[in-house]
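>>> This is the structure alone, sequence omitted:
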């Protein structure tokens with residue numbers, strides 16, 4: 001038979017050992033960078049067979065082979081798991097913004113941070129450099145920068161809900177933080193960016209440019225290569241929006257800031273969708289509660305006039321658990337309005353309290369006294385957003401009642417606001433009163449930063465980095481991603497406002 005197939009053939013070459021020896025002969029110097037496990041897989045033989053062939057080929061005893069494996073950390077699943085775990089944690093911390101992209105700590109500090117040896121940390125860093133996640137800059141490592149030059153290879157479209165037709169104004173706090181962060185990340189990655197406004201009167205989606213004058217198609221012909229949608233509220237969504245996003249065939253990032261809504265099943269099954277849970281008030285609520293307790297506060301008040309929303313309930317429940325676990329004498333007291341939402345219940349209450357016609361008449365009379373440039377600039381915000389502003393006026397009324405109830409309790413030394421709007425209302429309430437209360441905000445804003453209020457931000461920079469990375473490589477799983485969901489942790493910034501003062 002061997003003669004019919006072409007003459008003589010070494011019988012040993014057909015055995016597992018023969019295949020392993022032939023592989024080692026072909027590999028040459030290339031085997032230095034491979035483990036015996038890798039070589040066995042590539043040769044199609046068992047690990048034991050490859051180890052015997054290696055010893056036979058190079059005249060090494062099994063003891064020598066095992067020593068070689070131990071030095072390389074190969075053949076030891078536990079050793080492999082440690083450096084791979086550290087590699088994953090470094091990559092996740094970079095994505096979440098817990099490590100500075102422009103310069104990681106020294107290896108000694110990384111060893112302490114991740115509780116590993118220097119050799120393990122070095123191996124993880126080397127692997128990240130090989131994967132072009134990091135690059136070495138002297139003694140330090142930093143995030144690798146894009147080497148792309150020239151015009152952008154792709155263009156990202158960010159969809160923003162249009163509250164009204166006219167000049168674009170970012171009403172939502174997250175939009176205000178996320179847009180500049182996304183612009184910076186796109187510039188770093190060499191990616192173009194466009195803003196697409198959308199509305200859905202009668203659940204029919206319309207998309208247009210930032211000026212509000214030119215409609216933009218949102219289908220397979222769209223000019224952008226990927227889409228980012230920030231969900232600021234469930235009512236900013238509609239079935240037509242999800243259907244049109246799916247019909248584009250483009251990768252889509254949906255950033256959930258608020259909760260209380262569901263992704264359609266056909267989008268949830270799509271491999272082109274990444275859902276980022278950017279709910280900092282939930283993920284950071286435990287840390288915030290511990291910081292308040294560590295600062296010396298024993299009793300705090302939590303304010304939320306929108307307690308029907310899931311983010312308010314989840315935040316309060318998480319913080320209340322921490323206070324309850326701190327021991328006797330610690331308490332988080334809720335001052336909330338049950339069953340209230342901004343656009344529905346509060347607007348109805350406002351109309352019951354004050355007729356809209358009388359308020360509009362007052363606004364019209366006031367507008368006539370303004371110089372024309374002022375009227376042109378301010379009119380879109382007052383006339384077309386009148387219902388929203390009317391609802392916020394009612395929120396102020398409800399908050400004042402909540403504040404009055406809490407202010408009378410002298411055991412409360414810290415007030416926690418569910419969002420930055422409530423902090424502004426707090427300021428207005430306390431301005432006319434002598435108070436040494438510590439104020440905390442779940443959410444940040446220029447006003448919060450200016451007045452040095454301890455707050456939790458939404459980590460928009462990390463969400464922007466994750467969005468761009470996904471749109472550049474939709475098939476690659478991001479660090480910390482589970483299925484289509486990636487949670488972005490919020491950050492707590494203590495600006496010194498947590499100190500306890502004696503209540504007056």
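Cool, the structure landed. Note that the structure is predicted; figures quoted are calculated from it, not measured.

>>> How about the secondary structure of the closest residue to residue 308 other than its chain neighbours?
Counting by C-beta to C-beta, 6 or more residues apart in numbering, residue 308 lies nearest to residue 339, which is 5.2 Å off, once chain neighbours are set aside. C-beta: built from backbone N, CA, C; applies to glycine. Put simply, residue 339 is coil when judged by DSSP: H, G, I helix; E, B strand; the rest coil.

>>> Near residue 339, how many other residues are there?
When neighbours are counted by other C-beta atoms under 10 Å, residue 339 registers 9.

>>> With residue 247 instead?
Around residue 247 there are 12 residues (other C-beta under 10 Å).

>>> Same check on residue 220?
Around residue 220 there are 9 residues (other C-beta under 10 Å).

>>> Residue 234 too?
Residue 234 has 14 nearby residues by other C-beta under 10 Å.

>>> do the same with residue 348
Neighbours of residue 348 under the rule other C-beta under 10 Å: 12.

>>> Figure out the helix or strand that it lives in.
Assigned by DSSP states H and E, residue 348 belongs to helix 345-353.

>>> The helix or strand just after that helix vs helix 345-353, what angle?
Using DSSP H and E, the helix or strand that follows helix 345-353 towards the C-terminus is helix 356-367. Angle, helix 356-367 to helix 345-353, by axes from the mean of the first three to the mean of the last three C-alpha atoms, to 10 degrees: 90 degrees.

>>> Give the other helices and strands that helix 356-367 contacts.
helix 372-383, helix 386-407 (3 or more C-beta pairs under 8 Å, 6 or more residues apart in numbering; DSSP states H and E).

>>> what's the most buried one of these?
With neighbours taken as mean count of other C-beta atoms under 10 Å, these reach their highest mean count in helix 386-407, at a mean of 17.

>>> for the stretch 51-200 of the chain, what spans make up the strands?
Using DSSP state E, counting those that start in this stretch, the strands found in the stretch 51-200 of the chain span residues 134-137, 140-143, 155-161, 192-199.

>>> In the sheet, which strands lie alongside the second one, parallel or antiparallel?
Strand 140-143 pairs in its sheet with strand 134-137 (antiparallel), by DSSP bridges.

>>> Give me the buried positions along the strand it pairs with.
Buried residues in strand 134-137, defined by neighbour count with 16 or more other C-beta atoms under 10 Å: residue 134.

>>> before we move on, back to that, highest mean neighbour count out of the strands of the stretch 51-200 of the chain?
Mean neighbour counts for the strands of the stretch 51-200 of the chain (mean count of other C-beta under 10 Å) peak at strand 155-161, with a mean of 23.

>>> Direction included, what does that one pair up with?
By DSSP bridges, strand 155-161 pairs with strand 192-199 (parallel), strand 226-231 (parallel).

>>> Can you tell me what sits against the longest one?
Contacting residues not belonging to strand 192-199 are listed as 151-152, 154-162, 165, 168, 179, 182-183, 186, 205-210, 212, 216, 218, 223-224, 227, 241 [C-beta atoms under 8 Å, 6 or more residues apart in numbering].

>>> Could you tell me which of the residues you listed are located in helices?
Among the contacts of strand 192-199, DSSP state H puts 179, 182-183, 186, 241 in helices.

>>> out of those residues, who has the most neighbours?
residue 182 (24 neighbours).

>>> could you pull out the helices for the stretch 401-504 of the chain?
Taking DSSP state H, counting those that start in this stretch as the test, the helices found in the stretch 401-504 of the chain are 420-430, 446-450, 460-472.

>>> what bits of the stretch 251-400 of the chain have low per-residue confidence?
279-283, 340-344, 354-357, 376-385 (pLDDT under 70).

>>> and with 90 instead?
Per-residue confidence for the stretch 251-400 of the chain (pLDDT under 90) gives these ranges: 256-262, 270-271, 277-288, 305-318, 337-398.

>>> before we move on, the earlier item: mind putting the strands paired with strand 155-161 into JSON lines with distance to residue 302?
Compiled in JSON lines, those are given as follows (distance: least, C-beta to C-beta, whole Å):
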{"stretch": "strand 192-199", "distance to residue 302": "34"}
{"stretch": "strand 226-231", "distance to residue 302": "24"}
